[in-house]
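Trainee: Would you be able to build a 3D model of this:
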Amino acid sequence: MRFFWGVVILLVGLFFSTKTAPAADLIKLPPPAYKGQMSVPEALKKRRTVRQFADRGLDLAQVSQLLWGTDGISDAKGLRTAPSAGATYPLEIYLVAGERGVTGLAPGLYHFRPDSHSLELVQKGDLRAQVSRICLHQTWMAQAPVMVIFAAEYRRCTARYGERGLRYTHMEVGHAGQNLFLTAEALNLACGIVGAFEDRDLKEILHLPSQHEPLLIMPVGYSH
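Mentor: Numbers count the residues shown, from 1 in each chain. Next comes the predicted model:
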């Protein structure tokens with residue numbers, strides 16, 4: 001009986017998490033490229049955490065590649081670029097775009113929809129300064145044109161694996177974060193990484209659903 005209700009909770013969670021917004025509310029991203037100019041060993045050797053960014057924006061093609069590389073769908077079965085315990089996919093990815101941060105994209109908070117490789121606008125306005133303030137006043141973050149925010153809906157994983165699902169989810173955000181690091185390097189971009197923030201304040205400022213718990217923030221842009 002416990003197993004039965006666990007499956008029910010998982011299915012309900014997946015239903016609400018994968019419901020798509022009306023097409024008019026989604027911004028379709030350019031298709032990602034599956035071949036690049038840099039090898040994995042080269043990206044690994046170059047990868048560094050960056051805390052100074054140039055005053056230079058990105059374009060939608062770069063954003064598309066970054067988000068797909070982080071946790072995008074990589075085959076017809078719906079599997080993704082980051083491994084997930086039991087393919088439960090508890091992660092939710094958000095993008096904070098700054099003023100003039102992305103050509104053709106208004107400043108605001110966007111929810112990445114891997115199923116349609118699209119962005120869904122959550123709220124308008126440049127939130128970088130507010131986010132950096134909540135991250136213990138790490139003002140360097142606001143220099144980056146975009147920030148990628150990783151959140152988790154734990155119940156997708158814990159419904160199947162119990163308390164151990166928390167551990168699996170934390171492993172998964174590490175995989176996805178490294179994916180973003182390496183994808184950025186392959187695009188000659190750079191990332192920072194931040195885990196220090198006030199959870200409740202961040203959820204409030206971003207208007208995150210109650211079940212989405214923020215885990216990690218990665219500013220992305222051109223290295224200064």
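
Trainee: so how far is L44 from the residue nearest to the spatial centre of the chain?
Mentor: Nearest to the geometric centre of the chain sits I93, at 3.0 Å (C-alpha atoms, centre = their mean). I93 sits 22 Å away from L44, going by C-beta to C-beta, to the nearest Å. C-beta: built from backbone N, CA, C; applies to glycine.

Trainee: Over to A152?
Mentor: Taking C-beta to C-beta, one finds A152 at 26 Å from L44.

Trainee: And these two? Which one has more around it.
Mentor: Applying other C-beta atoms under 10 Å to A152 and L44 shows that A152 carries more neighbours, namely 22 against 12.

Trainee: Quick check, the more buried one in contact with H212.
Mentor: Yes - taking contacts as C-beta atoms under 8 Å, A152 lies within contact range of H212: 7.2 Å.

Trainee: Which neighbours do the two have in common?
Mentor: E92 (C-beta atoms under 8 Å, 6 or more residues apart in numbering).

Trainee: In contact with G165, which residues?
Mentor: Taking C-beta under 8 Å, 6+ apart as the test, what G165 contacts is 85, 88, 90, 154, 157-159.

Trainee: now the protein, which segments are flagged as low pLDDT?
Mentor: 1-24 (pLDDT under 70).

Trainee: And the strands in the protein, which stretches?
Mentor: 26-28, 58-59, 91-97, 102-103, 108-113, 118-124, 146-152, 190-191, 213-221 (DSSP state E).

Trainee: Looking at those strands, spot the one closest to E204.
Mentor: strand 213-221 (10.8 Å; C-beta to C-beta).

Trainee: That closest one packs against which elements?
Mentor: Under the contact definition 3 or more C-beta pairs under 8 Å, 6 or more residues apart in numbering; DSSP states H and E, strand 213-221 sits against strand 146-152, helix 164-186, strand 190-191, helix 199-206.

Trainee: The ones you listed into CSV, with extra columns for distance to Q130?
Mentor: What follows is these, written out as CSV (distance: least, C-beta to C-beta, whole Å):
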stretch, distance to Q130
strand 146-152, 11
helix 164-186, 22
strand 190-191, 20
helix 199-206, 5
